[in-house]
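Engineer: A structural model of the following input is requested.
(one chain, ligands or ions: 1)
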Amino acid sequence: MIQSVAFIGLGAMGYRMAAHLPQHFDTVYVWNRNFEKAQQHATEFGTLAIELQNAVQADIIFSCLPTSQQVDEILAQVQLKSGSIWVDCTSGVPESARAQSEQLLQQGVRFLDAPVSGQTIGAENATLTFMVGGNTEAFAQALPIMQTMGKIIKHVGESGTGFAVKAVNNMMMAVHLCAAAEGFTTLKAHGVHLQEALDCINASSGKSGVTETVLPQRVFNRSFPLTFALPLLAKDTGIAVDLVREARISAPVIGLTQNLIQVANDLAEPNSDFSTAIKMYESWSKITLE
Ligand code: NDP
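Structural biologist: Residues are numbered from 1 along each chain as shown. As a prediction, this is how the structure comes out:
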């Protein structure tokens, strides 16, 4: 019987995800490093902003931090309640999930790696996709809570597999991003009308999530709104490259895309959205996609 839920990390995703919990559970603790955000969340949504050590005494603890390193830092600071479940929605490192899972099991706590996709709008509308690795019983117990924040929730395998699926998903998105940048700068160089070309491609086999949403909503209108930071994408593509290396398989497109995203990240202004990776191609070709 779940009596209390906690959410650690109220960033672009966590702030919106945790907002759904008070509609379903009486006791929802929130904690954030910049504690004012937790207090603001409590005022806005009726959660309880409390100290980290108290927040993690909940029956189920969610976290959503930049990467597994910050989760490790938090875990090192706290003592958990035996029988609780830690659901990490960070897009983290599979190997870290396995280590964290073992570490927490010694305290009688089960760990699920449960990264999400769907962007901030999906967090706001509770339509996220959860890809979850770890113990199946813990998954079944945490499922009703994930359902308050998401629509598609899949158990994908043992500990670490949720993080693996997320890294590969984001790598594939990065491949589409680079392909779209290269394809559309080429078209513009040939005098093609960009919007009309996009309409054709979005009705054809070359379409992707990038052509359907990123180009029209972020690039062609030059808005590049910051919702998913480029360094976070570079982190995810790095995790995907490590997965390829560990699997000892050949994946040249993944390797090349990681290098491209890394260079784009090095060239980008601080606080840039992932979509600004396209600006690297624009500077190379001296062509603006608008
Ligand atoms: P943000 O940068 O917006 O938020 C990061 C959160 O982590 C903040 O609450 C921040 O606290 C906290 N934090 C950072 N460093 C530390 C630390 N050392 N100790 C404690 N807390 C810390 O990130 P997002 O919400 O965008 O992303 C979170 C995770 O979700 C990432 O793994 C990302 O890859 C993934 N993701 C993001 C999506 C998006 O569209 N944004 C979509 C899907 C997944 P503070 O407020 O104090 O800085």
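Engineer: interface residues of the stretch 51-200 of the chain facing the ligand?
Structural biologist: For the stretch 51-200 of the chain, the contact set with the ligand under Cβ under 6 Å from any ligand atom comprises 64-67, 70, 73, 90-91, 116-117, 119-120. For every residue, glycine as well, the C-beta is placed using N, CA and C.
Engineer: pick out the residue in the protein sitting closest to the ligand.
Structural biologist: Per Cβ to the nearest ligand atom, residue 11 is where the chain lies closest to the ligand, at 1.8 Å.
Engineer: that residue - how many residues pack around it?
Structural biologist: A total of 19 residues lie near residue 11 under the criterion other Cβ atoms under 10 Å.
Engineer: hang on, it packs against residue 70?
Structural biologist: No: at 10.4 Å, residue 11 and residue 70 do not qualify as touching, with contact defined as Cβ atoms under 8 Å.
Engineer: hang on, the earlier thing: greatest separation within the residues of the stretch 51-200 of the chain next to the ligand: which pair is it?
Structural biologist: 73 and 119 (25.7 Å; Cβ to Cβ).
Engineer: report all helices and strands that the helix or strand hosting residue 61 contacts.
Structural biologist: In this assignment (DSSP states H and E), residue 61 forms part of strand 60-63. Here strand 60-63 touches strand 4-8, helix 14-18, strand 85-88, helix 136-147, going by 3 or more Cβ pairs under 8 Å, 6 or more residues apart in numbering; DSSP states H and E.
Engineer: show me the contact partners of it.
Structural biologist: Taking Cβ atoms under 8 Å, 6 or more residues apart in numbering as the criterion, the residues outside strand 60-63 that touch it are 2, 4-9, 14, 17-18, 55, 71, 74, 80, 84-90, 141-142, 145.
Engineer: quick check: buried residues in the helix or strand that that strand is followed by?
Structural biologist: Later in the chain than strand 60-63, the nearest helix or strand by DSSP H and E is helix 68-77. Buried residues in helix 68-77, defined by neighbour count with 16 or more other Cβ atoms under 10 Å: 68, 70-72, 74-75.
Engineer: looking at the residue nearest the centre of the chain now. What's its pLDDT?
Structural biologist: Nearest to the mean C-alpha position of the chain, counting by Cα atoms, centre = their mean, stands residue 91 at 4.8 Å. Listed pLDDT for residue 91 reads 98.
Engineer: hang on, it packs against residue 234?
Structural biologist: No: between residue 91 and residue 234 there is no contact, the gap being 11.6 Å when judged by Cβ under 8 Å.
Engineer: in three-state terms, label residue 238 for me.
Structural biologist: helix (DSSP: H, G, I helix; E, B strand; the rest coil).
Engineer: what's the neighbour count on it?
Structural biologist: A count of nearby residues for residue 238, using other Cβ under 10 Å, gives 17.
Engineer: for the one 10 residues further on, same thing?
Structural biologist: Residues lying near residue 248 (other Cβ under 10 Å) number 6.
Engineer: beyond the lengthiest helix in the chain, next helix or strand please.
Structural biologist: Of all the elements of type helix in the chain, the one with the most residues (DSSP state H) is helix 161-189. Next in sequence after helix 161-189, counting helices and strands by DSSP H and E, comes helix 194-201.
Engineer: how far does that next one sit from the chain's center?
Structural biologist: Taking Cα atoms, centre = their mean, to the nearest Å, the mean C-alpha location of helix 194-201 is offset from the chain mean by 29 Å.
Engineer: and that helix, what does it pack onto?
Structural biologist: Of the remaining helices and strands, those touching helix 194-201 by 3+ Cβ pairs under 8 Å, 6+ apart are helix 161-189.
Engineer: by how many degrees do the helix it packs on and helix 194-201 diverge?
Structural biologist: For the pair helix 161-189 and helix 194-201, the angle between their directions (axes from the mean of the first three to the mean of the last three Cα atoms, to 10 degrees) equals 130 degrees.
Engineer: taking helix 136-147 as reference, get the angle to helix 161-189.
Structural biologist: 50 degrees.
Engineer: average pLDDT for helix 161-189?
Structural biologist: 98.
Engineer: give me the mean pLDDT for the longest strand along the chain.
Structural biologist: With DSSP state E applied, the strand covering the greatest number of residues in the chain is identified as strand 150-157. When the per-residue pLDDT values of strand 150-157 are averaged, the result is 98.
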